[in-house]
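Colleague: This is the structure alone, sequence omitted:
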Ligand SMILES: Nc1nc2c(ncn2[C@@H]2O[C@H](COP(=O)(O)OP(=O)(O)OP(=O)(O)O)[C@@H](O)[C@H]2O)c(=O)[nH]1
C-alpha cells in the first residue's frame, strides 16, 4: 500500500513525508529498570588488551579511492546487524571463524551483557573481487570499511555520525518482523545522507520468515526494488556470499581528492590508558602521515601525529592514511574534550574550508546525580570526569541541592543512556549514586519578561515577584508500528499521554503505522514499557525531537514534615498534577521507614496541598533485639545500622532511603 500523500519533487521514496527528519537526534525510551538483564560492568570501553597496536605490513598506498568502499549497517534493534558484521569480518579473514566471541564489534561490557550496541565501531577488511567487466587479475583487493551502528535510538546520534563517513548502507530487516519503527528512521537518515542503500532481508532461516512480505513493505514504504534485496541468514551463513559483491558493485567509492590539502572528519574519540586520546577519522581529501603537524579547525590547536592506522579490526599502525580511508590517529591530545566530534583536522600550515560537521548533541533528559554519601563528592567527580572521557554525549554541570548536598546535573540522550551511565559509574568506579527525577528541558517566561530554559525543577524561582507567566514543553514526533489489532489500545494510550495523532495508515494488511506528536515528558517515563505491554510486545517505537509547544505547566513540590525536598520536585502538566502528586506520596509512604516521630508527606503546587500521607511514629532501636549483654553482637548491629544510615539522606529530621529516590523516577 502506498503511504504517500505529498512528496517533494526530488524525493523518490513514497512515504518520505512519514519521516522527513529535520534533526539527527531521536530517542527511544527503554526503561531498563525493567530490563531482565541488570548487568555488571567491569571494563571500560575497549579494554587495553584489545588496544595493543599491531604492526603489519599493509601498504595503504595501494588503495586509491576507487578501490575503497565505506559502508554502515543500519537496522531496527536486534534485526542482526552485529551478527552480520561478524560474518563479514569472518568471510574476509579479518577475524577467525568461531573466534569464540559473538558480536565482535560490541566491545563494551554493557553491550555484551545487554546484547545491544551502544558505540559505533569501525573495522577495515580486505576483499579480492573483480568488478563486473574488469578482467585484470593484477588488481589489489578492495579495502572495505564497515561501521557497525547501535540500534537503540537513544544512540542514534552515533548512527548519524557513522553515516557521515559512508557512501552506502546495508539496511537490515528481520524476515519475520518486517519493517519496524527504527527501520523507517534509519532508512531516512541514510537517504538524507544520499547513501546507496542495499536492503538485506536477514534471518531467513526462521520458520516464520516471510521475505516476500518484507520485500513488499520495502517497496511500498521506501520504493526499494524487491529484486535488489539480498536474502541472508547471518546465523546459518545462507546468502552471505552476495553481500560483499553487492557492497563493491553498488556503493560508490569515496569522492575526495587525493591532490587536495588534507581534510579529515573527526568521527569519534575515546581515551586509552596507554596511548591517550584515540581519534577515529575519515580522510576526505589529501594524505595524513605519521609525524605530520595537524590542526583542529574548531580550536586552532596544533598537534603532531604520533601514530596513524586502521582498525583491522584492532588498531593496526600503517603510518599513513589516504583519501577516502577511515582509521585512527593518536596526536597527543590530553583529553577527549579537545577532540570535538565533527571537527575538521587539517595540515597545520594550510587553510582549508571546514567540512560540514554534525549537529551538536541534543540532550533529551536531565537528572541530578549525587553521591549517596556526601563525603564521596570528590570520588564521584573523578568518576564522572573519567567516564565522560569515553562518552562525550553526556553534559555535566555542578549543582547544589539542599536535600542532597553537592552534586551534578547531567544531560542524557534518553533514559537508556542515563541508565547505562549510572551503571558504569557504579560498576566501573564503585560510585554509589542517588539520581533525581529525570526532567525534560522546559522553557519558562516570567512576569519580569525574562525567559529561560529550566533543566532542574528546583531552579524555578519561588519569588512571587518573578512568577511564571507562560511555559513551553519539548515535543517529539513519534512513529509507532503495530499489528492492526492493537490500534485501539495504542490510540487510548497516546491520548492519555496528551498525544496528537498526525497520521494513521497501513504498511500491509497486518500492520498499522501511526505518527503522533507527543510531549517528551510523557514518553520519558515508562511509555515504551506500557506500549510493549498493551501490544504483547509487538509494538515498535521511535521518535525524533520536534518543536516546543505551549503548555499549562506547574511545579509539583514534595514536602516532608512541611519541608520541601528540592531533589524530588518535578514539573508536570496541570491536568496531571493531582494524579502524579497522589502517586508520589503513596510511593514515598511505602519506601520511607517509620521513624521515632510522625512523618507527613505532602505534594503541593505553590502553597496548595494536593495530596497527603502520614507515617506514624515508631520506637525503633536495633539494640532492643539484643537480649543479654553480648558486646560483639551489639557492636555488629550498631555497625549495620550505621551502614544503613549512610545510604539514607536526611531531610530536616527525616531519613530517606536511596530506593525512595529511585522509585519516584518511575511515576509518570
Ligand atoms: N535465527 C537467526 N537469528 C539471528 C540471525 N542474525 C542474528 N540473529 C540473532 O538475533 C539476535 C540479535 O542479533 P544482533 O546481531 O545482536 O542484532 P543487532 O541488530 O546488532 O542488535 P542491536 O545492536 O541491539 O541493535 C541475536 O540473538 C542473534 O544471534 C539470523 O540470521 N537468524
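Modeller: Perfect, thanks for sending it. These figures come from a predicted structure and were not determined experimentally.
Colleague: Would you agree residue 317 is in contact with residue 311?
Modeller: No: applying CB atoms under 8 Å as the test, residue 317 and residue 311 come out as separate, 11.2 Å apart. All C-beta spots, glycine's among them, are computed from the backbone N, C-alpha and C.
Colleague: Can you name the residues in contact with the strand or helix carrying residue 246?
Modeller: Assigned by DSSP states H and E, residue 246 belongs to helix 243-250. Helix 243-250 has contacts (CB atoms under 8 Å, 6 or more residues apart in numbering) with 69, 71, 84, 88, 91-92, 127, 129, 131-132, 142, 144, 168, 170, 196, 198, 200, 230, 232.
Colleague: chain center to the helix or strand just after that helix, what's the gap?
Modeller: Next along the chain after helix 243-250, taking DSSP H and E as the criterion, comes strand 263-272. Centre-to-centre, strand 263-272 and its host chain are 18 Å apart (CA atoms, centre = their mean, to the nearest Å).
Colleague: is it true that residue 421 lies in a helix?
Modeller: Yes: counting by DSSP: H, G, I helix; E, B strand; the rest coil, residue 421 is found in a helix.
Colleague: ok, now how distant is residue 319 from residue 332?
Modeller: 17 Å (CB to CB, to the nearest Å).
Colleague: More neighbours: these two, which one.
Modeller: residue 319 (16 against 13; other CB atoms under 10 Å).
Colleague: what pLDDT does that one get?
Modeller: pLDDT, residue 319: 94.
Colleague: Now it: closest residue in space that isn't a chain neighbour?
Modeller: Leaving aside its sequence neighbours, residue 319 sits nearest to residue 290 (CB to CB, 6 or more residues apart in numbering; 4.6 Å).
Colleague: and the one you found, what does it touch?
Modeller: Residue 290 makes contact with 305-308, 319-320, according to CB under 8 Å, 6+ apart.
Colleague: still on that earlier bit, how far off centre is the helix holding residue 246?
Modeller: 30 Å.
Colleague: How about it, which residues are buried there?
Modeller: Across helix 243-250, burial judged by 16 or more other CB atoms under 10 Å covers 243-244, 246-248.
Colleague: Now do it, average pLDDT.
Modeller: For helix 243-250, the per-residue pLDDT averages 97.
Colleague: So it, near the ligand or not?
Modeller: No: for helix 243-250, no contact with the ligand is found by CB under 6 Å from any ligand atom; the gap never falls below 12.1 Å.
Colleague: From the contact counts, what lies against the helix or strand containing residue 544?
Modeller: Using DSSP H and E, residue 544 sits in strand 540-551. Packed against strand 540-551 by the contact rule (3 or more CB pairs under 8 Å, 6 or more residues apart in numbering; DSSP states H and E) you find helix 181-192, strand 468-483, strand 511-519, helix 527-534.
Colleague: Report the inter-axis angle for the shortest one versus strand 511-519.
Modeller: This means helix 527-534. 150 degrees (axes from the mean of the first three to the mean of the last three CA atoms, to 10 degrees).
Colleague: show me where the stretch 301-450 of the chain has helices.
Modeller: Here the stretch 301-450 of the chain has its helices, by DSSP state H, counting those that start in this stretch, at 377-390, 415-429.
Colleague: and the last one, is it in reach of the ligand?
Modeller: Just to be clear, that refers to helix 415-429. No: Helix 415-429 stays clear of the ligand (CB under 6 Å from any ligand atom), getting no nearer than 10.8 Å.
Colleague: What's opposite residue 269 in the beta bridge?
Modeller: For residue 269, the residues forming beta bridges with it (DSSP bridges) are residue 279.
Colleague: contacting residues around it?
Modeller: With CB under 8 Å, 6+ apart, residue 269 has these contacts: 277-280, 333, 336, 339, 341, 392.
Colleague: give me the subset of the residues you listed touching the ligand.
Modeller: Answer for the contacts of residue 269 near the ligand: none qualify (CB under 6 Å from any ligand atom).
Colleague: Looking at the residues you listed, which is nearest the ligand?
Modeller: residue 280 (18.3 Å; CB to the nearest ligand atom).
Colleague: sorry, back to before: distance to residue 213, mean neighbour count and mean pLDDT added to the helices and strands packed on strand 540-551, as a markdown table?
Modeller: Shown next, in a markdown table, are these (distance: least, CB to CB, whole Å; neighbours: other CB atoms under 10 Å; pLDDT from 0 to 100):
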| stretch | distance to residue 213 | mean neighbour count | mean pLDDT |
| --- | --- | --- | --- |
| helix 181-192 | 14 | 24 | 88 |
| strand 468-483 | 13 | 21 | 93 |
| strand 511-519 | 9 | 21 | 94 |
| helix 527-534 | 22 | 19 | 86 |
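Colleague: closest one to residue 583 among those?
Modeller: helix 527-534 (14.4 Å; CB to CB).
Colleague: Can you spell out which helices and strands pack onto that closest one?
Modeller: helix 487-496, strand 540-551.
Colleague: that older thread, name the pair among the buried residues of helix 243-250 with the greatest separation in space.
Modeller: 243 and 248 (9.9 Å).
Colleague: coming back round to it: which of the helices and strands packed on helix 527-534 sits closest to the ligand?
Modeller: Here strand 540-551 is closest among these (CB to the nearest ligand atom), at 12.1 Å.
Colleague: Let me know whether the closest one sits next to the ligand.
Modeller: No: Strand 540-551 stays clear of the ligand (CB under 6 Å from any ligand atom), getting no nearer than 12.1 Å.
Colleague: quick check: angle from that strand to helix 487-496?
Modeller: Using the same axes, to 10 degrees: strand 540-551 against helix 487-496 is 30 degrees.
Colleague: Over to residue 227: give its phi and psi.
Modeller: The phi and psi values for residue 227, taken as degrees, to the nearest 10, are phi -70, psi -20.
Colleague: how much space between the residue nearest to residue 319 and residue 531?
Modeller: For residue 290, the distance to residue 531 equals 51 Å [CB to CB].
Colleague: Can you give me every residue that contacts residue 535?
Modeller: Neighbour list for residue 535: 482-483, 486, 489-490 [criterion: CB under 8 Å, 6+ apart].
Colleague: at 7 Å what do you get?
Modeller: Neighbouring residues of residue 535 by CB atoms under 7 Å, 6 or more residues apart in numbering: 482, 486, 489-490.
Colleague: Among those residues, which one has the most neighbours?
Modeller: Each of the contacts of residue 535 was scored by neighbours using other CB under 10 Å; the highest score is residue 482's, at 23 neighbours.
Colleague: Okay, and the beta partners of it?
Modeller: residue 512.
Colleague: where are the low-confidence patches of the stretch 551-668 of the chain?
Modeller: 618-631, 633-634, 637-653, 662, 664-668 (pLDDT under 70).
Colleague: picking up where we left off before, rank the helices and strands packed on helix 527-534 by pLDDT, which is bottom?
Modeller: strand 540-551 (a mean of 90).
Colleague: Can you name the next helix or strand after that strand?
Modeller: Scanning onward from strand 540-551 (DSSP H and E), the first element met is strand 553-560.
Colleague: Could you tell me how many residues sit around residue 172?
Modeller: 27.
Colleague: Residue 502 versus that one, what's the distance?
Modeller: Computed as CB to CB, the residue 172 to residue 502 distance reads 28 Å.
Colleague: What is the longest helix along the chain packed up against?
Modeller: Secondary structure of the chain per DSSP state H: the longest helix is helix 574-591. Using 3 or more CB pairs under 7 Å, 6 or more residues apart in numbering; DSSP states H and E, the elements in contact with helix 574-591 are strand 553-560, strand 599-605, strand 608-615, helix 658-664.
Colleague: for these, which one sits closest to the ligand?
Modeller: Nearest to the ligand, of all the helices and strands packed on helix 574-591, is helix 658-664, at 25.1 Å by CB to the nearest ligand atom.
Colleague: Contacts for the closest one, please.
Modeller: Helix 658-664 is contacted from outside by 372, 434-437, 567-568, 584, 587-588, 591-592, 647, using CB under 7 Å, 6+ apart.
Colleague: Of the residues you listed, which count as buried by neighbour count?
Modeller: Using 16+ other CB under 10 Å as the threshold, 372, 434-437, 567-568, 584, 587-588, 592 are the buried ones among those.
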